[in-house]
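Enquirer: fold the following, please.
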Amino acid sequence: MEVHACYRLVCVAAAATVVLLASCSERVDAGPADAGAGSGDSSDGGDDGGGRGDDGGAVLSDCSPAARAKRSWSVLKEGTASGVWMAGTLLADGTPLLVGGQATLGAIATLTGAELKVATIADGPLLTWGSVAADGTALVVGNGRRALWRSAEGVWTEEKLPGGDKLWGCLQFSKDDAWAVGADEPQKDQYEPVVLRRSASGWAKATLPMLTKARAQAQVFKIDGHGPNDVLAVGDTGLALRWDGKGWTEEETGVDANLVTVRKLPAGGYVAVGGTAAGLVMTRKATGGWSKLHQPMVGVSGVDVFGDQLIVAGNYGWIEHVALADGKAVEVDELLTTDVLHFVLRLPDCSALAGGGNLQVWPNPMQGTLLRFGL
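Expert: Numbering: from 1, shown residues only. Predicted structure coming up:
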């Protein structure tokens, strides 16, 4: 076995030992991440429907292989007191908006350089995902039927929801056209998949198709879309649901592993990532049909698109750069953290953030980690 491969296996084994030892402590239900699932101060240092400003935000810089080759990964923030970072999205001006917090106290922050500025919001459980519309408004969702809407002027208001005890994803095209996905939990650890839609009349539960038996209790984890009539949601046990503007239909993905995150691809179609003991990178053609693109050594939960390449991240701080054409992957040589990385976010200059954090209640409160891919 080559020295590089041995090194990677030793790193993963060491990280796995850390997680195993920590698992002896009490844990919170932190949702779809495979290794486990803020305060209102600023002590941390103070788009389109896809939620990244792809079509209406800042102009993107060079994403070419030559430009990417000049960049490397480094630790931007470690041990942020506001909590674990579950998601990142871009505001209309290109400023990263980060979502997460503690199990019982969600947090939202903007990131300028290396400075986090925590927003003032109502107290409530962990927040899990965000989406920014072309008009500059933003939607954030979380556990406990939480939805917060941000006006273009930056004012946050809480919205009442008819379901979604655990919400893991959202998608906003406009104030009157938005989605939130997750599950209701009528009994502990017993789930019913939930898709909520917001229209001019407010929030309502969407009608889902009769799911196959293996997926009838699936949680829906993430959602993305090319437009109001082309939306895709993914979840437990390989679940994939597509909205065509008229109704939801279930698609067969050919896998039973969790699909944790979905992103739209620039030329149509989608990429979804997940897995538990081993990772999974799946693609869906614009015309339909799923296929495996790549299988990382560990479960992955974050992905974003960088021209002809994906960056995926997940358990034990694992990061890979994956070619869309053939699935060829290059692993980041050094594991910069043993924390789960929940998201990858392409920035306007075609650098990137990857975020996650400590998901254990003991011995400390949950703490966040942010990595930066840049010069």
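Enquirer: ok so Val75 is a helix residue?
Expert: No - counting by DSSP: H, G, I helix; E, B strand; the rest coil, Val75 is located in no helix; its state is strand.
Enquirer: is it true that it touches Thr369?
Expert: Yes - Val75 lies in contact with Thr369 (C-beta atoms under 8 Å); the separation is 7.4 Å. (Each C-beta comes from the backbone N, C-alpha and C, glycine too.)
Enquirer: if you count surrounding residues, which of the two has more?
Expert: More neighbours surround Thr369 than the other of Val75 and Thr369, with 25 against 12 (other C-beta atoms under 10 Å).
Enquirer: so how far is Asp236 from Met210?
Expert: 16 Å (C-beta to C-beta, to the nearest Å).
Enquirer: looking at those two, which has the bigger crowd around it?
Expert: Neighbour count, other C-beta under 10 Å: between Met210 and Asp236, Asp236 has more, with 22 against 7.
Enquirer: looking at it, that one is touching Asp256, isn't it?
Expert: No - with contact defined as C-beta under 8 Å, Asp236 does not count as touching Asp256 (9.1 Å).
Enquirer: run through the protein and note the low-pLDDT ranges.
Expert: 1-60, 361-364 (pLDDT under 70).
Enquirer: where do the helices sit along it?
Expert: For the chain, the helices defined by DSSP state H occupy 3-22, 65-69.
Enquirer: ends of stretch 165-184, what's the gap?
Expert: In stretch 165-184, first residue to last residue: 5 Å (C-alpha to C-alpha, to the nearest Å).
Enquirer: in it, what counts as buried?
Expert: Across stretch 165-184, burial judged by 16 or more other C-beta atoms under 10 Å covers 165-173, 175, 178-184.
Enquirer: also stretch 350-370?
Expert: Going by neighbour count (16+ other C-beta under 10 Å), the buried part of stretch 350-370 is 350-361, 365-370.
Enquirer: from memory Phe343 sits against Met86, does it?
Expert: Yes - here Phe343 reaches Met86: they are 6.9 Å apart, a contact under C-beta under 8 Å.
Enquirer: which of these two has more neighbours?
Expert: Neighbours were counted for Phe343 and for Met86 using other C-beta under 10 Å; Met86 has more, 32 against 25.
Enquirer: show me what contacts that one?
Expert: 99-100, 126-129, 342-343, 355-356 (C-beta atoms under 8 Å, 6 or more residues apart in numbering).
Enquirer: okay, and which of the buried residues of stretch 350-370 map to strands?
Expert: 352-357, 368-370 (DSSP state E).
Enquirer: looking at those residues, which is nearest Thr95?
Expert: The shortest approach to Thr95 among these belongs to Leu353, at 11.7 Å (C-beta to C-beta).
Enquirer: check contacts around the nearest residue to the closest one once chain neighbours are set aside.
Expert: Excluding its sequence neighbours, the residue lying closest to Leu353 (C-beta to C-beta, 6 or more residues apart in numbering) is Leu345, at 4.6 Å. By C-beta under 8 Å, 6+ apart, the contact list for Leu345 reads 52, 88-90, 96, 304, 352-355.
Enquirer: start and end of stretch 351-369, how far apart?
Expert: End-to-end distance (C-alpha to C-alpha), stretch 351-369: 17 Å.
Enquirer: an error on my part: the question was meant for stretch 130-140.
Expert: 4 Å.
Enquirer: thank you kindly, that will do.
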